[in-house]
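**Student:** Predicted coordinates and the sequence they were generated for:
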Amino acid sequence: MLSLVLRHQPDSIGITLDENGWTDVKLLIKQMNKHSFNVTSGILKDVLENNNKQRFAFNDDKSKIRAVQGHSVNVNLGLVPQVPPPVLYHGTGEHCLEQIQTRGLHKMNRQHVHLSAEAETAKKVGQRKGKAVILKIEAAKMHKKGHTFFVSENNVWLTDHVPPAYIKQG
């Protein structure tokens, strides 16, 4: 539910995100409880500290919360361009492979294409879409040709588009 609200549909529970994706913690808790989700500040703290994907963050005084990447709503996370490692990975379902080989990777309804530094992470992502296929992305070559990369707080690499020429199955 936090992913839905903080990345895609804040209005579904009657909250708004500021330009940087933040919303007030007390308001979030109030609105989630109003919509039949039993949430406390302790539960939120536990989710943020113990979630293995680390998708959410509090601000310094823990009065605000946001998702650190994966938004379909327009927010500015203040990410700074980074030099990527030589190779990054993308996990997808086997049924998507032909289209990716033809068109490349597109951000679709999100702000960025999501890539990982580890093949195992990509495999886990791909398994959510059926039989997993791991794609190697020639990130350093892309960067040298002018493609911009960012890395989120939870170490997800982000870019706008990956052309087919930089994608290898593997």
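**Tutor:** Yep, it's here.
**Student:** roughly how far apart are the residue of the chain positioned farthest from its centre and Val73?
**Tutor:** In the chain, the residue that sits farthest from the middle, by C-alpha atoms, centre = their mean, is Lys34; the gap is 26.9 Å. Separation of Lys34 from Val73 (C-beta to C-beta, to the nearest Å): 21 Å. Using the backbone N, CA and C atoms, a C-beta is placed for each residue, glycine as well.
**Student:** which outside residues touch stretch 94-112?
**Tutor:** 69-72, 74-75, 90, 92, 113, 129-133, 135, 137, 150, 158-164, 166-167, 169 (C-beta atoms under 8 Å, 6 or more residues apart in numbering).
**Student:** Now stretch 29-37 - C-alpha only, PDB.
**Tutor:** C-alpha atoms of stretch 29-37 as PDB (Å, rounded to 0.1, in the frame of the first residue of the first chain):
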ATOM      1  CA  ILE A  29      -1.000   7.600   9.000                       C
ATOM      2  CA  LYS A  30      -4.400   9.400   9.600                       C
ATOM      3  CA  GLN A  31      -5.400   8.900   5.900                       C
ATOM      4  CA  MET A  32      -4.300   5.200   5.800                       C
ATOM      5  CA  ASN A  33      -6.200   4.500   8.900                       C
ATOM      6  CA  LYS A  34      -9.200   6.300   7.500                       C
ATOM      7  CA  HIS A  35      -9.000   3.900   4.600                       C
ATOM      8  CA  SER A  36      -8.900   0.700   6.800                       C
ATOM      9  CA  PHE A  37      -5.200   0.300   7.000                       C
END
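**Student:** going forward can the numbers begin at 175, since that is how I track them
**Tutor:** Sounds good: first residue 175 from here, last item stretch 203-211.
**Student:** chain center to that stretch, what's the gap?
**Tutor:** 24 Å (C-alpha atoms, centre = their mean, to the nearest Å).
**Student:** before we move on, which element is the residue nearest the centre of the chain in?
**Tutor:** Nearest residue to the geometric centre of the chain (C-alpha atoms, centre = their mean): Gly244, 2.9 Å. Assessed by DSSP states H and E, Gly244 sits outside every helix and strand.
**Student:** so who does the residue lying closest to it once chain neighbours are set aside touch?
**Tutor:** Distances taken as C-beta to C-beta, 6 or more residues apart in numbering place Arg181 nearest to Gly244, at 4.9 Å, with adjacent residues excluded. Arg181 makes contact with 229, 241, 244-247, according to C-beta under 8 Å, 6+ apart.
**Student:** Out of those residues, which end up buried?
**Tutor:** 229, 241, 244-245, 247 (16 or more other C-beta atoms under 10 Å).
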